[in-house]
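Undergrad: build me a model from this:
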Amino acid sequence: MLDQIDKSLFLFLNSFNSPAWDRIMWIISGKATWIPLYVFILVLAGARFRRKMLLVFPLIILAVVLADQLSVHAFKEVFLRLRPCREPSLEGLVHIVNGKCPGKYGFVSSHAANTFSVAIITLLLLRRKWYTVMILIWASIVGYSRIYLGVHYPGDVICGAMLGALIGFILFRLYKFIDRRYLDINPFFKTKSIDNVSD
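TA: Numbering: from 1, shown residues only. Below you'll find the model as predicted:
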């Protein structure tokens with residue numbers, strides 16, 4: 001029953017399309033599109049954490065790597081759920097952009113997992129309201145773009161987002177543990193960090 005609801009919701013959301021939105025969503029879904037945003041995040045984090053970026057930066061990278069690898073090896077290759085653009089029962093019903101349907105299986109969305117892992121770990125680290133709103137909107141739009149392009153069901157995106165959020169939260173807690181146990185008592189890190197500043 002949940003599968004049928006997911007498919008019906010997908011067809012509803014995927015049906016709202018136009019040539020202009022095809023181009024926009026294609027760009028939004030492109031990984032290279034967001035390189036300036038990633039650079040901005042690192043600059044913002046660097047200004048706040050200073051020398052603690054020696055820990056923060058690897059944790060952000062680890063969040064993406066874990067989200068990407070787990071979404072594939074612990075989910076796609078285990079559940080083997082066909083993407084909507086490859087589902088025989090939906091043939092002719094799915095709006096596909098540029099004829100692209102990557103891979104065979106889609107549960108969970110790696111895009112959603114990756115973006116939400118970055119969103120959650122960085123919003124917890126930075127603690128800025130404007131940033132929290134911005135980064136969650138960004139991650140949600142990227143997730144929606146995967147439905148629009150016909151390559152993921154809503155359930156793929158939602159579960160991918162949950163996986164990414166969990167990874168981001170766990171790595172944030174790891175940062176707090178290491179920070180309390182080691183960084184805050186080390187003058188090298190303590191004197192140069194503004195980690196405790198908040199708005």
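
Undergrad: who touches Trp138 in this structure?
TA: With contact taken as CB atoms under 8 Å, 6 or more residues apart in numbering, Trp138 is in contact with 34, 37, 115, 119. Where you see a C-beta, it was placed from the backbone N, CA and C, and this is true even at glycine.

Undergrad: just say helix, strand or coil for the third one.
TA: Just to be clear, that refers to Thr115. Following DSSP: H, G, I helix; E, B strand; the rest coil, we place Thr115 in the helix state.

Undergrad: do the same with the second one
TA: For Leu37, the assignment made with three-state DSSP gives helix.

Undergrad: that one: neighbour count?
TA: 13 (other CB atoms under 10 Å).

Undergrad: and for the last one?
TA: Neighbour count for Ala119, taken as other CB under 10 Å: 26.

Undergrad: equivalent analysis for the third one, please.
TA: By the measure other CB under 10 Å, the count of residues near Thr115 is 26.

Undergrad: apart from its chain neighbours, what residue comes closest to it?
TA: Spatial nearest neighbour of Thr115, chain neighbours left out: Ala139 (4.1 Å); criterion: CB to CB, 6 or more residues apart in numbering.

Undergrad: gap between that neighbour and Leu123?
TA: For Ala139, the distance to Leu123 equals 10 Å [CB to CB, to the nearest Å].

Undergrad: the two: which is more packed in?
TA: Ala139 (23 against 20).

Undergrad: what helix or strand is the residue nearest to Thr115 on?
TA: helix 129-148 (DSSP states H and E).

Undergrad: could you give me the buried positions within that helix?
TA: Buried residues in helix 129-148, defined by neighbour count with 16 or more other CB atoms under 10 Å: 131-132, 135-136, 138-140, 142-148.

Undergrad: pull the contacting residues for the residue most central in space within the chain.
TA: Residue closest to the average C-alpha location in the chain (CA atoms, centre = their mean): Thr115, at 1.6 Å. Residues near Thr115 by CB under 8 Å, 6+ apart: 138-139, 142-143, 161, 164.
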